[in-house]
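Engineer: build me a structure from this.
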Amino acid sequence: MKRTFIAFVAVLAAAAVVSSPVWAFRMIQNTSVGRVTAGAAVTCTASGGFTHWTISSIPWRHNLARQGGEAGTAAAIQNALASWTNVSGANHSPFYAGTTTAGWATDGTNTMLWAKGNGCSGNCLALTALVLQAGQVIVETDITYNDRWNWNTNGSNYDVEAVAAHEVGHALGIHHTEVTSSPLPTMYAAYIGTGGRTLESDDNAALQCSQSRYPV
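Structural biologist: All right, here's what the predicted structure looks like:
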C-alpha cells in the first residue's frame with residue numbers, strides 16, 4: 001500500500017475532476033507523541049491504526065483576534081462543527097464552546113484562530129495541529145487560518161464554513177480523500193468553494209470508520 005506523508009492543509013489548488021474509487025477516504029497515521037501537523041494517509045483497516053479520539057464530546061473555542069474580518073464567522077464555525085456532529089453512525093460531537101484568548105499552542109484548548117504564520121504560508125489556507133498521546137490518541141487540536149487571504153461567510157471566496165469543515169475533519173483524524181470525481185468530498189485536498197460545506201458519503205464513511213475501529 002502506498003502511503004503519503006503530507007501536512008493537513010487546505011490549499012488553493014484547482015480541483016481536477018476525474019474518475020476514482022467511490023470509497024477512497026483516508027485516515028491520519030502518526031505514531032509520534034506530542035504536537036504534529038503531518039501524517040501518513042492510510043486506509044481504515046491499516047495494521048498500524050490511525051489517530052483518533054477516545055471521547056465523544058469535543059469542545060472548540062474561537063480566538064476573536066483577527067477573526068477573519070467577518071461578523072458571521074462564529075456561525076460559520078458552528079455550522080462546520082455541526083456537519084460532523086450530525087454524521088449518522090458516529091458518536092463524535094465537536095461543538096462550539098465560545099471564545100478564548102488561547103492561541104496556536106499546546107495548552108489543553110481546542111482553538112480556531114486567524115494569523116499569519118504558524119506554519120501556514122504560501123498557498124496554504126489553513127493548517128491543523130494534532131496533539132497526540134501514546135496509541136495515536138488525539139487529546140487536543142488547533143486550527144490556524146491564514147490571515148493573508150480574504151475570508152467570507154456570504155458564499156464568496158474564501159469561505160469560512162467550507163474550510164472549517166475540511167479542517168475539523170483533520171482534527172477528527174481524517175486525512176485527504178482520494179476521491180476526485182464530482183461531487184467532491186469535503187476532505188478533498190484542494191479548496192472547492194462552498195461545496196466543501198456539505199459532507200459527502202465519503203466524508204461520512206471516514207468518521208463512521210473511526211467510530212467502528214475506535215468507539216467513543
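
Engineer: doesn't G48 make contact with T31?
Structural biologist: Yes: contact status for T31 versus G48: in contact at 7.0 Å, counting by C-beta atoms under 8 Å. To be clear about C-beta, it is placed using only N, CA and C from the backbone, and glycine gets the same treatment.

Engineer: who has more neighbours out of these two?
Structural biologist: With neighbours defined as other C-beta atoms under 10 Å, T31 and G48 compare such that T31 has more, 15 against 11.

Engineer: any idea how far F25 is from D142?
Structural biologist: Look at F25 and D142: by C-beta to C-beta, to the nearest Å, they are 23 Å apart.

Engineer: tell me where the model's unsure across this structure.
Structural biologist: Applying pLDDT under 70 to the chain flags the ranges 1-23, 68-70.

Engineer: and what about the residue nearest in space to the middle of it, helix, strand or coil?
Structural biologist: Central residue check for the chain by C-alpha atoms, centre = their mean: the C-alpha nearest the mean position is that of E167, 2.2 Å away. Under the three-state scheme (DSSP: H, G, I helix; E, B strand; the rest coil), E167 adopts helix.

Engineer: how many residues are close by R197?
Structural biologist: Applying other C-beta under 10 Å, we find 21 residues neighbouring R197.

Engineer: which residues does it contact?
Structural biologist: Neighbouring residues of R197 by C-beta atoms under 8 Å, 6 or more residues apart in numbering: N79, A80, S83, D159, E161, A162, A165, T186.

Engineer: T111 too?
Structural biologist: T111 neighbours (C-beta under 8 Å, 6+ apart): W60, R61, H62, N63, T100, A102, G103, W104, D142, I143.

Engineer: can you check V36 too?
Structural biologist: Residues near V36 by C-beta under 8 Å, 6+ apart: N30, A129, L130, V131, L132.

Engineer: can you map out the strands along this structure?
Structural biologist: Using DSSP state E, the strands of the chain run over residues 5-7, 9-11, 27-29, 34-36, 38-42, 57-63, 93-100, 111-115, 124-133, 137-146.

Engineer: out of the contacts of V36, who has the most neighbours?
Structural biologist: Neighbour counts for those, by other C-beta under 10 Å, peak at L130, which reaches 26 neighbours.

Engineer: can you pull up the bridge partners for that residue?
Structural biologist: Beta-bridge partners recorded for L130 (DSSP bridges): V36, T141.

Engineer: a markdown table for the strands of the chain, including distance to R213?
Structural biologist: Below are the strands of the chain laid out as a markdown table (distance: least, C-beta to C-beta, whole Å):
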| stretch | distance to R213 |
| --- | --- |
| strand 5-7 | 21 |
| strand 9-11 | 25 |
| strand 27-29 | 9 |
| strand 34-36 | 20 |
| strand 38-42 | 11 |
| strand 57-63 | 17 |
| strand 93-100 | 18 |
| strand 111-115 | 27 |
| strand 124-133 | 16 |
| strand 137-146 | 13 |
